[in-house]
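Trainee: Generate a structure from the sequence data that follows.
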Amino acid sequence: MVDWSSPAELAHDADAFGKFMHALLGLYIWEWFTSLEFEWSFLSGKRKLRWPLIFYFIGRYSLLMALVGIAIALNVQTEVNCQALYTFNQCMGNFAIGMACINLSIRTMAIWSQKLYIVIPLVVIILGHWSLLLHGILLTAAWVPGQGCVITSADNKLLSSTFIYSMCFDFVVMALTAYKLAYESKARSRLVQMIFGDGLVYFFIAFLANLTPTACSLLVSAAPPTSNWPNVPAATTSTIVACRVVRRLTNFTTPAAEMFSSTSNSTHAKKAGNTQLNVSVGKVPPQGVHVQMSTFSVTQNDNDDTSGRLKSPFDVDAEAQNHLDHIDELKHTPM
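Mentor: Next up, the predicted model:
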């Protein structure tokens with residue numbers, strides 16, 4: 001059996017960890033850079049900032065700062081305050097994990113139309129998750145000549161509990177989302193198809209991201225310097241998939257408003273489901289009767305969808321776009 005506390009094993013693990021952390025930093029910088037257009041859309045005023053996106057930005061940049069801090073800790077050559085540096089890194093990393101779970105939970109709440117029997121339990125679970133994350137910030141690090149900053153003590157039991165809790169949290173969110181999309185949506189809209197098609201994949205990846213370090217923390221009794229290492233890939237993976245979930249849903253737009261309105265004359269109904277048709281009829285004796293549709297508009301109450309439930313800011317319905325029938329010309333030969 002491997003002696004995780006032996007100097008040779010610690011040196012080997014430290015070398016592997018350093019290379020892996022640099023790879024994760026490069027991966028996340030690439031992910032961050034390629035999605036900067038999303039941030040620019042808010043800075044340029046193309047999109048309005050909604051409150052759920054606050055968690056998105058906090059988690060996104062918390063992980064970036066954590067990875068940069070880890071890179072500094074691995075490459076610093078002169079003595080620094082290792083305790084402050086590792087406390088900062090742990091704080092930012094735990095913030096990223098917590099925000100990733102919140103982002104996935106908000107999406108699940110939106111799918112369930114903010115029903116209280118879903119929202120309240122999820123909020124309680126979120127609070128419990130954060131209590132573990134904040135306790136996990138407490139660790140001890142010191143400067144060791146010839147090695148640099150090293151974690152000297154950490155609570156392995158608390159770390160394992162946090163991973164198990166995060167894994168169960170992700171599983172609950174994934175199960176609620178899958179149930180709602182699979183059994184409650186018979187007539188699926190384009191939004192539902194998008195969420196069901198790739199959204200559940202993101203939920204599943206987030207679940208696996210916390211499952212792997214959970215198994216490692218339970219099967220391997222690591223020494224304090226290596227006990228916190230599984231936290232980094234789990235936080236990176238969870239944050240990437242959670243941010244992609246948020247961007248996918250925010251970027252989901254429907255052209256229904258443009259398709260269902262005429263440039264010359266549009267009529268809006270007061271009640272959901274009303275349809276207005278303006279038909280011009282002109283008699284052309286040789287060819288028969290000419291019928292042309294000039295306006296076709298379908299409007300719904302802004303707050304309710306066809307099932308009568310309250311829409312959330314993320315709950316966009318695109319079902320109406322498939323019901324547009326354009327009639328160019330109808331000829332009837334006189335008898």
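
Trainee: Using the record's domain definitions, break this protein down for me.
Mentor: 7-252, 257-323 (automatic domain parsing).

Trainee: Helices of the stretch 51-200 of the chain, residue ranges please.
Mentor: Using DSSP state H, counting those that start in this stretch, the helices of the stretch 51-200 of the chain run over 52-75, 82-111, 116-135, 156-183, 190-194, 200-219.

Trainee: Mind telling me which of the domains of the chain the model trusts least?
Mentor: Per-stretch mean pLDDT for the domains of the chain is lowest at domain 257-323 (a mean of 42).

Trainee: which residue packs closest to residue 161, ignoring adjacent ones?
Mentor: In space, and not counting its chain neighbours, residue 161 is closest to residue 132: 6.1 Å by CB to CB, 6 or more residues apart in numbering. Yep, even glycine has a C-beta here, placed from its N, CA and C like the rest.

Trainee: show me what contacts that neighbour?
Mentor: 158, 161-162, 165 (CB atoms under 8 Å, 6 or more residues apart in numbering).

Trainee: which residues sit in contact with residue 91?
Mentor: residue 137.

Trainee: hang on, isn't residue 52 packed against residue 106?
Mentor: Yes - assessed by CB atoms under 8 Å, residue 52 is found in contact with residue 106 at 4.9 Å.

Trainee: which of those two has more neighbours?
Mentor: Taking neighbours as other CB atoms under 10 Å, residue 52 and residue 106 compare with residue 106 leading, 27 against 19.

Trainee: just checking, the more buried one touches residue 53?
Mentor: No - the pair residue 106 and residue 53 does not pass the contact test of CB under 8 Å, sitting 9.6 Å apart.

Trainee: Span of stretch 46-56 from start to end?
Mentor: Stretch 46-56 has its terminal residues 18 Å apart, counting by CA to CA, to the nearest Å.

Trainee: contacting residues around it?
Mentor: 41-42, 99, 102-103, 106, 242-243, 246, 250, 313-314.

Trainee: With stretch 75-90 instead?
Mentor: With CB under 8 Å, 6+ apart, stretch 75-90 has contacts from 65-66, 69-70, 72-73, 136-137, 139-143, 148-151, 228, 231.

Trainee: What subset of these is buried?
Mentor: 65-66, 69-70, 73, 136-137, 139, 141, 143, 148-151, 228, 231 (16 or more other CB atoms under 10 Å).

Trainee: contacting residues for residue 146?
Mentor: So residue 146 contacts nothing (CB under 8 Å, 6+ apart).

Trainee: what separates the residue nearest to residue 161 from residue 141, distance-wise?
Mentor: 20 Å (CB to CB, to the nearest Å).

Trainee: ditto for residue 182
Mentor: 46 Å.

Trainee: Same question for residue 134.
Mentor: Taken as CB to CB, the span from residue 134 to residue 141 is 18 Å.

Trainee: If we ignore the residues flanking it in sequence, what's nearest residue 94?
Mentor: Going by CB to CB, 6+ apart, residue 94 has residue 133 as its nearest residue, at 4.1 Å.

Trainee: err, residue 72, not the other one
Mentor: residue 85 (6.9 Å).

Trainee: which parts of the helix or strand containing residue 29 are buried?
Mentor: Residue 29 is located in helix 7-34, with elements delineated by DSSP states H and E. Judged by neighbour count using 16+ other CB under 10 Å, the buried positions of helix 7-34 are 10, 13-14, 17-18, 21, 24-25, 28, 31-32.

Trainee: what helices or strands is that helix leaning on?
Mentor: Packing contacts for helix 7-34, counted by 3 or more CB pairs under 8 Å, 6 or more residues apart in numbering; DSSP states H and E, involve helix 52-75, helix 224-227, helix 231-251.

Trainee: Take these and lay them out in JSON lines including distance to residue 174.
Mentor: Shown next, in JSON lines, are the helices and strands packed on helix 7-34 (distance: least, CB to CB, whole Å):
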{"stretch": "helix 52-75", "distance to residue 174": "18"}
{"stretch": "helix 224-227", "distance to residue 174": "27"}
{"stretch": "helix 231-251", "distance to residue 174": "11"}
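
Trainee: Would you tell me which one of these is buried the most?
Mentor: helix 231-251 (a mean of 22; mean count of other CB atoms under 10 Å).

Trainee: Packing partners of that one?
Mentor: helix 7-34, helix 36-43, helix 52-75, helix 82-111, helix 156-183, helix 200-219.

Trainee: Mind checking these for the one nearest to residue 121?
Mentor: helix 156-183 (8.5 Å; CB to CB).

Trainee: And that closest one, what does it pack against?
Mentor: helix 82-111, helix 116-135, helix 200-219, helix 224-227, helix 231-251.

Trainee: In TSV, list these along with distance to residue 58.
Mentor: Putting those into TSV (distance: least, CB to CB, whole Å) gives the following:
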stretch	distance to residue 58
helix 82-111	5
helix 116-135	13
helix 200-219	17
helix 224-227	26
helix 231-251	11
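
Trainee: Residue 6 is nearest to which of those helices?
Mentor: Smallest distance to residue 6 across those (CB to CB): 11.7 Å, for helix 224-227.

Trainee: Distance to residue 235 for the helices of the stretch 51-200 of the chain - can I get that in TSV?
Mentor: TSV is the format used below for these (distance: least, CB to CB, whole Å):
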stretch	distance to residue 235
helix 52-75	6
helix 82-111	5
helix 116-135	10
helix 156-183	10
helix 190-194	26
helix 200-219	8
